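>>> how would this look folded up:
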Amino acid sequence: MGTKFKALVVDQVDGLVKSGFQTLDSDSLPAGDIAIDVSHSTLNYKDGLAVSGKGKIARKYPMICGIDLAGVVTHSTSAAFKVGDPVVVCGAGLSETHWGGYAEKARVPADWAVKIPQPLSAKQAMAVGTAGFTAMLAVIALERVGVKPSQQEVIVTGAAGGVGSVAVTLLAKLGYKVAASTGRAAAHDYLRGLGASTIIAREELNKPSGRPLDSERWAAAIDSVGGETLASVLRQTRAKGAVAACGLVESFNLPTTVMPFILRGVSLLGINSVILTAEKRREAWQRLARDLDLAKLDSMTEVAMFDDIPRLAEDILKGQVRGRTVISIRP
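Next up, the predicted model:
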């Protein structure tokens with residue numbers, strides 16, 4: 001028999017999806033090159049969907065929730081990792097096809113893990129989590145199509161959320177002028193503190209205009225919202241600009257025309273944090289360690305306990321979670 005550990009498990013019983021805490025045996029962990037004692041996880045919108053059962057995140061049951069984890073390697077058959085290495089795993093199928101990070105123990109393929117780069121701690125790596133990791137991927141994608149700091153602003157939608165908060169912070173430190181779009185009036189000072197120069201009300205963007213193009217307003221954008229908001233941003237992006245799309249909290253529909261793409265040459269860049277090579281994962285984490293203002297990361301982060309996850313899952317779906325929430329898996 002292996003070691004007993006606590007986990008938050010989602011299962012399907014009589015057609016109903018339910019989640020709850022269970023005690024499992026480490027021998028039941030899925031196959032992988034490295035075993036990890038998990039110290040921290042985090043809370044993402046996707047986690048809220050999985051834990052609440054309101055989104056079809058798990059592809060099979062039973063499934064340990066949590067798309068992120070950080071901890072220490074306790075066993076390795078990979079030359080890339082040794083016992084005692086601090087590691088982070090984000091996305092990569094956790095909580096979907098492979099048991100995730102809401103557990104005291106995990107076992108994963110080595111290609112999914114990255115050694116936590118200095119000066120990040122395990123807690124800070126989870127303050128980044130998939131949300132911040134996705135924001136970094138979006139910034140890299142914009143850079144690769146030639147978006148550079150200029151007098152025109154880069155807009156970040158859903159700016160008070162996890163992806164948005166880290167995106168605002170990264171862009172500001174890299175020298176971009178940042179417009180932050182939010183529907184939360186109480187978040188304006190918070191976003192200015194992260195580096196936003198302009199606050200845009202959500203209502204300015206989430207209504208149909210009836211026009212295929214609007215005045216050129218944005219140099220580029222990072223959108224975690226989708227729907228009418230993304231369509232508005234595309235209509236307002238300047239010629240040869242780009243929009244990195246990574247979310248759908250408003251809608252997965254995109255009610256737009258081809259006009260921004262064929263008349264202005266706007267690029268729509270899809271960001272996927274799951275399907276990545278190990279090299280791309282390491283690159284993004286090295287950039288985060290270098291380019292993210294850790295004082296601002298700490299200022300946007302709250303810490304919660306393992307038992308708080310079911311309540312927080314409901315809160316994040318209601319839009320009541322600001323910034324980043326780190327889950328302390330071990331007391």
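
>>> what secondary structure does Val114 sit in?
strand (DSSP: H, G, I helix; E, B strand; the rest coil).

>>> what is it paired to in the beta sheet?
With DSSP bridges applied, Val114 shows beta-bridge pairing to Val88.

>>> thought it was touching Glu283?
No. Contact status for Val114 versus Glu283: not in contact, 9.7 Å apart, counting by C-beta atoms under 8 Å. Every C-beta, even on glycine, is put in place using the N, C-alpha and C of the backbone.

>>> ranges for the strands of the stretch 1-150 of the chain?
Assigned by DSSP state E, counting those that start in this stretch, the strands in the stretch 1-150 of the chain fall at 4-13, 16-25, 34-42, 63-64, 68-76, 86-90, 105-108, 113-115.

>>> Comparing Val114 and Glu283, which shows the higher neighbour count?
Val114 (23 against 16; other C-beta atoms under 10 Å).

>>> now the strands: where do they sit in the stretch 151-300 of the chain?
Ranges of strands in the stretch 151-300 of the chain, per DSSP E, counting those that start in this stretch, are 153-156, 178-182, 198-201, 218-223, 237-245, 267-270.

>>> and Lys318, which of those strands is closest to it?
strand 178-182 (15.2 Å; C-beta to C-beta).

>>> Now tell me what touches the closest one from outside.
153-160, 164, 168, 171-172, 188, 191, 194-202, 204-205, 218, 229 (C-beta atoms under 8 Å, 6 or more residues apart in numbering).

>>> Show me the shaky parts of the protein.
Regions of the chain meeting the criterion pLDDT under 70 cover residues 1.

>>> 90 instead?
1-2, 12-18, 53-56, 91-92, 207-210, 249, 274-275, 319-320, 322-323, 330-331 (pLDDT under 90).

>>> buried ones in the longest helix seen in it?
As assigned by DSSP state H, the longest helix anywhere in the chain is helix 122-144. Buried positions in helix 122-144, judged by neighbour count with 16 or more other C-beta atoms under 10 Å: 122-142.

>>> thinking His122 is in contact with Val73, fair?
Slight slip there: residue 122 is Ala, not His. No. Using C-beta under 8 Å, Ala122 makes no contact with Val73, being 12.0 Å away.

>>> per-domain residue ranges of the chain.
The chain breaks down into these domains under automatic domain parsing: 4-116+300-328, 131-270.

>>> quick one: buried residues of stretch 219-230?
Judged by neighbour count (16+ other C-beta under 10 Å), stretch 219-230 contains these buried residues: Ala219, Ala220, Ala221, Ile222, Asp223, Ser224, Val225, Gly226, Gly227, Glu228, Thr229, Leu230.

>>> wait, stretch 76-85
In terms of neighbour count (16+ other C-beta under 10 Å), stretch 76-85 has its buried residues at Ser76, Phe81, Asp85.

>>> ok so, going back, for the buried residues of stretch 219-230, which one is nearest Ile64?
Ranked by distance to Ile64 (C-beta to C-beta), the buried residues of stretch 219-230 are led by Ser224 at 25.2 Å.

>>> Thought Val166 was touching that closest one, still the case?
No. Contact between Ser224 and Val166 fails when scored by C-beta under 8 Å: they sit 10.4 Å apart.

>>> Among the strands of the stretch 1-150 of the chain, single out whichever gets nearest to Asp214.
With C-beta to C-beta as the measure, strand 86-90 is the member of the strands of the stretch 1-150 of the chain nearest Asp214 (35.2 Å).
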